[in-house]
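In: Dropping the sequence and predicted coords here.
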Amino acid sequence: MSERGERIEEDGAAGEGFRPADDGDVHRMLDWRNHPQVRGVSLTSHEIGLDEHTAWWAKVRVDPDRRVLIHRHGGVPSGVVTFAGLTSPERSLTWGFYLDVAGLDARGELLPAWLSLERAAIAYAFETLGARTLGGETLTSNQPVLALHRRFGFRVVRQYEREVEGRPHQVVWTEMSRGT
C-alpha cells in the first residue's frame, strides 16, 4: 500500500511494478526525461533545466489530482508513469510515460520494459485508481507508441493540431474504457 492507501502493483519475483516517485528520484527522472529520444517524441521537447523540473516536482508531488510512479523492470527503476484526473467525478484519467532509454537499451531490455510498463499502467489505472477511461496525447510522428497503444486496446478518438515549442504538430488522442 502507498501512503495514499493505494495498492502498488508489484511482482516481487520478477522485480516488476510501480512505486511512488519520491524526492530521491528527481534527478533520475530529469535525466530520463531529457534523453534526446524521449524529448524528440514529447509535447515538451526542449531540454528541461533543474529549476524547471524541481518546480514541476514540487507541484505534482502534493497534487491530489495527480500521481507520479516509478516503474521497475527486473528490479531496477526503469521509467516514469504519470496519471492526472484522479479527483474528477467522471474518473477520466490522462496518462503519460517515459523510459530510461539509455539504461534499458544498454541492458537490451528496452522493448520488454516498454511492454511491461504499458501493461502495468493500464492495470493500475483501472484496478487501483478506479479509472472509467484512460487517455493520452501522442504525436502522430510517434508511430511506435501509437502501434503499441493499439496493441493494448487503445482507440484513436480524435486527431488535432497542437503547438509544441512554438511549432504546429499533429497529435492523436487515444483512449480506452474500463473493460475494453
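Out: Arrived safely.

In: Quick check: next helix or strand after the biggest helix by length in the chain?
Out: Criterion DSSP state H: the longest helix present in the chain is helix 110-123. Next in sequence after helix 110-123, counting helices and strands by DSSP states H and E, comes strand 133-139.

In: buried ones in that following strand?
Out: Within strand 133-139, the residues that count as buried by 16 or more other C-beta atoms under 10 Å are 133-136, 138-139. Placement of C-beta: from N, CA and C, glycine included.

In: want to try a markdown table for the residues you listed, with pLDDT as columns?
Out: Listed next are the buried residues of strand 133-139 as a markdown table, based on pLDDT from 0 to 100:
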| residue | pLDDT |
| --- | --- |
| 133 | 98 |
| 134 | 98 |
| 135 | 98 |
| 136 | 97 |
| 138 | 96 |
| 139 | 95 |
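
In: Tell me which two of the residues you listed sit farthest apart.
Out: 133 and 139 (20.9 Å; C-beta to C-beta).

In: which residues in the protein form helices?
Out: Secondary structure of the chain (DSSP H): helices at 26-33, 36-39, 50-60, 101-106, 110-123, 143-151.

In: out of the ones you listed, nearest to residue 166?
Out: The nearest among those, by C-beta to C-beta, is helix 36-39 at 14.9 Å.

In: send the alpha carbons of that closest one over as PDB?
Out: In PDB, the C-alpha atoms belonging to helix 36-39 read as follows (Å, rounded to 0.1, in the frame of the first residue of the first chain):
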ATOM      1  CA  PRO A  36      17.100  13.100 -26.800                       C
ATOM      2  CA  GLN A  37      14.900  10.100 -27.900                       C
ATOM      3  CA  VAL A  38      12.400  11.000 -25.200                       C
ATOM      4  CA  ARG A  39      12.400  14.700 -25.900                       C
END
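
In: Okay, buried residues for it please.
Out: Here helix 36-39 shows 38-39 as buried, counting by 16+ other C-beta under 10 Å.

In: Report the beta-bridge partners for residue 70.
Out: In this entry, residue 70 is beta-bridged to residue 19, residue 80, by DSSP bridges.

In: An error on my part: the question was meant for residue 163.
Out: residue 168.

In: Could you list the low-pLDDT ranges of this protein?
Out: Counting by pLDDT under 70, the chain has low-confidence residues at 1-15, 180.

In: residue contacts, the residue nearest in space to the middle of the chain?
Out: When C-alpha atoms, centre = their mean is applied to the chain, the residue found nearest the centroid is residue 97 (2.0 Å). Taking C-beta atoms under 8 Å, 6 or more residues apart in numbering, we find residue 97 in contact with 71, 79-82, 117-118, 121.

In: if you set the cut-off to 7 Å instead, what comes out?
Out: 79-81, 117, 121 (C-beta atoms under 7 Å, 6 or more residues apart in numbering).

In: out of those residues, who has the most neighbours?
Out: residue 79 (26 neighbours; other C-beta atoms under 10 Å).
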